[in-house]
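Chemist: here are the coordinates; sequence isn't available:
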């Protein structure tokens, strides 16, 4: 298994899965990064449905139409103000 971190999603390589972190927002999950338009469209249905709130350790798998990856895993980080480096 090879895991790679990228600071800009547009520069990512082709992969089996893309893992995206989200914070728990007051009403809905909030991306912990700048969401590219292509992915935003792809994830709108899941995020608008309320099925994923971004609470800590929550996950949801989305099958993607993107050419770079077939699956996107949304990973909940919990409330942003409660995150620490530890």
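Modeler: Noted; the coordinates are in hand. Being a predicted model, the structure only gives us computed values, none of them experimental.

Chemist: contacts and neighbour counts: CA atoms only from here.
Modeler: Fine.

Chemist: did I read that right, residue 52 in a strand?
Modeler: No. Per DSSP: H, G, I helix; E, B strand; the rest coil, residue 52 lies outside any strand segment and is coil.

Chemist: surely it meets residue 62?
Modeler: No. The criterion here is CA atoms under 8 Å, and residue 52 misses it with residue 62 at 11.0 Å.

Chemist: Looking at the two, which has the bigger crowd around it?
Modeler: Neighbours were counted for residue 52 and for residue 62 using other CA atoms under 10 Å; residue 52 has more, 19 against 16.

Chemist: got a list of what that one touches?
Modeler: Counting by CA atoms under 8 Å, 6 or more residues apart in numbering, residue 52 touches 28-29, 46, 58-60.

Chemist: Now tell me which helix or strand of the protein has the poorest mean pLDDT.
Modeler: Among the helices and strands of the chain, helix 37-49 carries the lowest confidence by mean pLDDT, DSSP states H and E, at a mean of 87.

Chemist: which parts of that helix are buried?
Modeler: Applying a neighbour-count criterion of 16 or more other CA atoms under 10 Å, one finds 42-43, 47 buried in helix 37-49.

Chemist: roughly how far out does it sit from the chain middle?
Modeler: Averaging C-alpha positions (CA atoms, centre = their mean, to the nearest Å) puts helix 37-49 10 Å from its chain's average.

Chemist: Repeat that for stretch 64-76.
Modeler: That offset, for stretch 64-76, works out to 8 Å (CA atoms, centre = their mean).
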